[in-house]
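Asker: Quick one, what's the 3D model for this:
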Amino acid sequence: MTEQLIFEGSDKSFLRKKWEDILLKSVKNKIPKTYYKNNQVIILDSEETIKNFFFEEKPDVIKSIKFIIILVPLNNFVNLISFFDKIDKLLDEDCKLILNYFNGSWKYIFSIFSIFGLIKNFDKSLFFSNKKLNVFLNCTNYEISRVLKDISLPFQIPFFTKFLTMIFNFFPILSFFSFANVFYLRKKTKQSTINRTMSLIIPCKNEEENIKKIVENAKSEILFPFELVFIDDKSSDFTKKKIKEEILNNPKVNIKVLDGPGKGKSRAVDIGVKNAEGYFSAILDADLTVKMKDMNLFYSSISLGNGDVINGSRLIYRLEKNSMKILNYFGNKFFSLLISFIISSNVSDTLCGTKCFRTKDWEIFEEFRKDNNLNDIWGDFNILFSSSFYGFKLIDLPVRYYERLTGETKMTKRFFYFINMLKICLKALIIFKFKLK
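Answerer: Below is the predicted model of the structure:
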């Protein structure tokens, strides 16, 4: 390819080299280790490396990449929309780009730096703002899935740089003064996945009265290819027996029953997802307080690529009578506000048990949990934190929440669970805001 992509030569200035070192150090731990292990991450730092990868590499190699870090700032691209259009046709639908641009607020400071030879001339460069960037992205198949606030200056000043970065994380409006913006891009629309199977992960403990209804509702209301994956988490009633009866009575329905370790919902779900055969997985509580027919909405949303993780939200519609205790309601509201602040993205309901994602992404969620030693009994917070940390797009899907008709709620030790959740949020606050990870 002979067409010019970038307004810059191969000789980089002192500050540019410093910036690239800082940028790489910042983003490297925000990519799942499994992608490094599988050689699915590539770093492109010049026009030559960009051209070699996108326009000379084998198509199957390009498709195998899951994260691309482009160190060249967007300010220096000749035609940004044309570039995004070309690579959209080459990259896998789940591939994410990590890009950066120099902030327009530094334009005149750059001019001073160029006089002293600290940077190259920026005569042809376009200085961005978030608004201007979105003008470009609106014309492409890409959208921002995460914005990083890690970097405030193009060089390190002991203690001061760290302090300034922390201030920008706590007060995002101040990022206007940051040297650069760093962000993840994902594809907006994806290839048709209409025939892909979804595994419904259903953790159960003493839910014998609901099993038959779950299977009947799935058969009559689900409109997509599915399998039912029950995890009996050491029930003391006949839950497992009821599941086996349904397997015998419904030979045409793909139903599995697995034994959970009895260590809480999170570990039961882990067993279920690791044994799931579907391309997508969705967690569904066995109490049927979220209706089976709503799973069609989750399937549609994730199939279209509306998000990488679809989070059910019970707190947008008005709650049905007796569906949620008042303490649970205010606890949900509290953690929704706290987690939204931590991840810098609005989440209206953090404890809805219904969540949907690509089955293969569970390995990434588990990596984050283990790396940060998160003892998340229910598992909801870890999915929200890990997906946000690695630049997945997280969206809320409003669902109606109904009263449990049979069995007993498992959310009984409220104070104990509240403290557990608060500890998880404190760890996440350190990871996302203080950047001590």
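Asker: Could you list the low-pLDDT ranges of the stretch 101-250 of the chain?
Answerer: By pLDDT under 70, the weakly predicted segments of the stretch 101-250 of the chain are 115-124, 151-156, 174-176, 191-194.
Asker: Could you pull out the strands in it for me?
Answerer: Using DSSP state E, counting those that start in this stretch, the strands of the stretch 101-250 of the chain run over 142-148, 180-187, 198-204, 226-232.
Asker: Give the closest residue to residue 83 in space, chain neighbours not counted.
Answerer: The shortest distance from residue 83 to any non-neighbouring residue, by C-beta to C-beta, 6 or more residues apart in numbering, is to residue 77 (5.8 Å). Every C-beta, even on glycine, is put in place using the N, C-alpha and C of the backbone.
Asker: just to revisit the earlier point, of all the strands of the stretch 101-250 of the chain, which gets the most neighbours per residue?
Answerer: strand 198-204 (a mean of 26; mean count of other C-beta atoms under 10 Å).
Asker: Show me what that strand packs onto, helices and strands only.
Answerer: Counting by 3 or more C-beta pairs under 8 Å, 6 or more residues apart in numbering; DSSP states H and E, the packing neighbours recorded for strand 198-204 are helix 211-221, strand 226-232, helix 265-274, strand 280-283, helix 295-303.
Asker: With distance to residue 70 added, can I get the ones you listed in a markdown table?
Answerer: Shown next, in a markdown table, are those (distance: least, C-beta to C-beta, whole Å):
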| stretch | distance to residue 70 |
| --- | --- |
| helix 211-221 | 44 |
| strand 226-232 | 39 |
| helix 265-274 | 32 |
| strand 280-283 | 29 |
| helix 295-303 | 27 |
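Asker: closest to residue 351 out of those?
Answerer: Ranking the helices and strands packed on strand 198-204 by their distance to residue 351 (criterion: C-beta to C-beta) puts helix 265-274 first, at 11.0 Å.
Asker: how far does that closest one sit from the chain's center?
Answerer: How far helix 265-274 lies from its chain's middle: 19 Å, per C-alpha atoms, centre = their mean, to the nearest Å.
Asker: cool, and stretch 90-103?
Answerer: Here stretch 90-103 is found 15 Å from its chain centre; the criterion is C-alpha atoms, centre = their mean.
Asker: Buried ones in that stretch, by neighbour count?
Answerer: 91, 94-103 (16 or more other C-beta atoms under 10 Å).
Asker: For that stretch, what is the spacing between the initial and final residues?
Answerer: End-to-end distance for stretch 90-103: 29 Å, by C-alpha to C-alpha, to the nearest Å.
Asker: Stretch 75-84 too?
Answerer: The first-to-last residue distance of stretch 75-84 comes to 14 Å (C-alpha to C-alpha).
Asker: Stretch 198-218 too?
Answerer: 12 Å.
Asker: start the count at 505, not 1, going forward
Answerer: Sure thing, new numbering starts at 505, so read that last one as stretch 702-722.
Asker: Residues in a beta bridge with the residue nearest to residue 587, which ones?
Answerer: Counting by DSSP bridges, residue 581 is bridged to residue 510.
Asker: give me every residue that touches it.
Answerer: 509-511, 587 (C-beta atoms under 8 Å, 6 or more residues apart in numbering).
Asker: Surely residue 519 is within a helix?
Answerer: Yes - membership of residue 519 in a helix is supported by DSSP: H, G, I helix; E, B strand; the rest coil.
Asker: quick one: it and residue 617 touch, right?
Answerer: Yes - counting by C-beta atoms under 8 Å, residue 519 does reach residue 617; the two are 6.5 Å apart.
Asker: Which stretches in the stretch 805-941 of the chain count as helices?
Answerer: Per DSSP state H, counting those that start in this stretch, the stretch 805-941 of the chain carries helices over the ranges 830-847, 866-875, 884-893, 918-933.
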